[in-house]
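Chemist: missing the sequence, but the structure's below:
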């Protein structure tokens, strides 16, 4: 299996005759990818789903399948993009490689569950849980482990890795450490739930109080 990371949670997985792209979102730079077999989307948040990137990939690859759940599917249909729906526990064959779905809900950030989420197992080897810590009922060889997000703490990631017990871990969901993320989604999440003035302070900025 060959895995290429395009940033944050976006991976190209090449196994056998299959070329499968996972979570092309706005924090990832996705190049032209000829002979793409499928695109998998774990959930609808912008850092995992960039509709315009998917539209471009469809134009570049007429036969590519877009595989996701109904929550993301609603967004795709609104954009005029057809998709193949997958349910929790279901498997789909992609160019001779099995893709399996595990999980239903995004991890809570604050308050209710924000949206639907599914993890994907590819070729019974690689697993990415999306924005959740779902444990698949099968052995995992390669775990794409979320390492930073508003919905998690590092201790949870460590415990999750121990519970899944893969042969190897690769980091995922790591854009938390870049300024564009710190100064955007995190601020919006806080201000949406706290009625207190919020002043963003970037490196080198000065505020008087």
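Modeler: Great, that's in hand. Keep in mind that this is a model prediction, so the values were computed, not measured. Numbers count the residues shown, from 1 in each chain.

Chemist: Please make it C-alpha for all contacts and neighbour counts, starting now.
Modeler: OK.

Chemist: Which helix or strand in the chain has the lowest average pLDDT?
Modeler: helix 179-182 (a mean of 64; mean pLDDT, DSSP states H and E).

Chemist: Give me the neighbour count for residue 152.
Modeler: 17 (other CA atoms under 10 Å).

Chemist: wait, what's in contact with it?
Modeler: Contact analysis of residue 152 by CA atoms under 8 Å, 6 or more residues apart in numbering lists residue 109.

Chemist: where does it fall, helix, sheet strand or coil?
Modeler: coil (DSSP: H, G, I helix; E, B strand; the rest coil).

Chemist: That one and residue 117, how far apart?
Modeler: 15 Å (CA to CA, to the nearest Å).

Chemist: what's the answer for residue 176, then?
Modeler: Counting by CA to CA, the separation of residue 176 from residue 117 is 19 Å.

Chemist: more neighbours, these two?
Modeler: Using other CA under 10 Å as the criterion, residue 176 and residue 117 rank with residue 117 on top: 30 against 17.

Chemist: Does that one touch residue 108 like I think?
Modeler: No - applying CA atoms under 8 Å, one finds residue 117 not in contact with residue 108, separated by 11.1 Å.

Chemist: Show the residue spans covered by the strands in this protein.
Modeler: Remark: strands assigned in the chain by DSSP state E are 2-5, 11-15, 18-22, 38-40, 65-68, 84-85, 91-94, 97-102, 119-122, 126-128, 142-146, 168-172.

Chemist: Output those as CSV; include the columns mean neighbour count, distance to residue 53 and mean pLDDT.
Modeler: Below are these laid out as CSV (neighbours: other CA atoms under 10 Å; distance: least, CA to CA, whole Å; pLDDT from 0 to 100):
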stretch, mean neighbour count, distance to residue 53, mean pLDDT
strand 2-5, 14, 16, 94
strand 11-15, 20, 14, 96
strand 18-22, 23, 11, 98
strand 38-40, 25, 11, 98
strand 65-68, 22, 12, 98
strand 84-85, 14, 17, 98
strand 91-94, 16, 20, 98
strand 97-102, 22, 21, 98
strand 119-122, 26, 20, 98
strand 126-128, 26, 20, 98
strand 142-146, 23, 22, 94
strand 168-172, 15, 19, 93
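
Chemist: is it possible to export these to CSV including distance to residue 194?
Modeler: Formatted as CSV, the strands of the chain follow (distance: least, CA to CA, whole Å):
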stretch, distance to residue 194
strand 2-5, 35
strand 11-15, 35
strand 18-22, 33
strand 38-40, 34
strand 65-68, 33
strand 84-85, 36
strand 91-94, 41
strand 97-102, 33
strand 119-122, 31
strand 126-128, 32
strand 142-146, 26
strand 168-172, 28
